[in-house]
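**Student:** I would like to see how this sequence folds:
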Amino acid sequence: MKQVHLYSDGSSLGNPGYGGYCAILKYKGHEKIAKGAQELATNNQMELKAVIEGLKLLKEPCVVEITSDSSYVVKGINEWLDGWIKKEFKKVKNPKLWQEYLEVAKGHQIKAYWVKGHAGHEENEKCDKIARGEAEMIQKMSGERV
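**Tutor:** As a prediction, this is how the structure comes out:
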């Protein structure tokens, strides 16, 4: 299986508010970027959406190392998800997104790693800038002041 790195970040102006996300997928010197925005979203929703959209770029099963500054995403993937599945996502925030994550994660071997945000991690900083830019762009398109 190919080993790829997925770096992700999400942004929400207002939390909830205008949201943006970015995922950077790296494999053997190649890079793909998934990015987008949503008018009303929380930061956690955008953090998870970044991972989902990044995984959608994969065309075959891979070993995926996810790097995120979201402890919600990292702990969700590494620690909480099995328990949430057992209780059928009752009293879990963002169940539809987590179920979408499970769907796109099928066939992959995934491990998530946490990095401190805004601490100079090159890919995390790039994702943060793009995600925030996506959120600001949708905010501008709606006519609100940035």
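**Student:** quick check, Ala131 in a strand?
**Tutor:** No: secondary structure of Ala131 (DSSP: H, G, I helix; E, B strand; the rest coil): helix, not part of a strand.
**Student:** quick one, what contacts it?
**Tutor:** For Ala131, the contacting residues are 9-11, 20-22, 35, 46, 50, by Cβ atoms under 8 Å, 6 or more residues apart in numbering. (C-beta placed from N, C-alpha, C; glycine too.)
**Student:** buried ones among those?
**Tutor:** Neighbour counting over those (16 or more other Cβ atoms under 10 Å) leaves 9-11, 20-22, 35, 46, 50 as the buried ones.
**Student:** now, those residues that are in helices?
**Tutor:** Counting by DSSP state H, the buried ones among the contacts of Ala131 place 46, 50 in helices.
**Student:** any chance of JSON lines for the buried ones among the contacts of Ala131, columns pLDDT and distance to Trp80?
**Tutor:** Converted to JSON lines, the buried ones among the contacts of Ala131 look like this (pLDDT from 0 to 100; distance: Cβ to Cβ, whole Å):
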{"residue": "Asp9", "pLDDT": "98", "distance to Trp80": "20"}
{"residue": "Gly10", "pLDDT": "98", "distance to Trp80": "18"}
{"residue": "Ser11", "pLDDT": "97", "distance to Trp80": "23"}
{"residue": "Gly20", "pLDDT": "98", "distance to Trp80": "25"}
{"residue": "Tyr21", "pLDDT": "98", "distance to Trp80": "20"}
{"residue": "Cys22", "pLDDT": "98", "distance to Trp80": "23"}
{"residue": "Lys35", "pLDDT": "98", "distance to Trp80": "26"}
{"residue": "Met46", "pLDDT": "98", "distance to Trp80": "18"}
{"residue": "Ala50", "pLDDT": "98", "distance to Trp80": "18"}
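**Student:** of all the buried ones among the contacts of Ala131, which comes closest to Asp128?
**Tutor:** The closest of the buried ones among the contacts of Ala131 to Asp128 turns out to be Asp9 (Cβ to Cβ; 4.7 Å).
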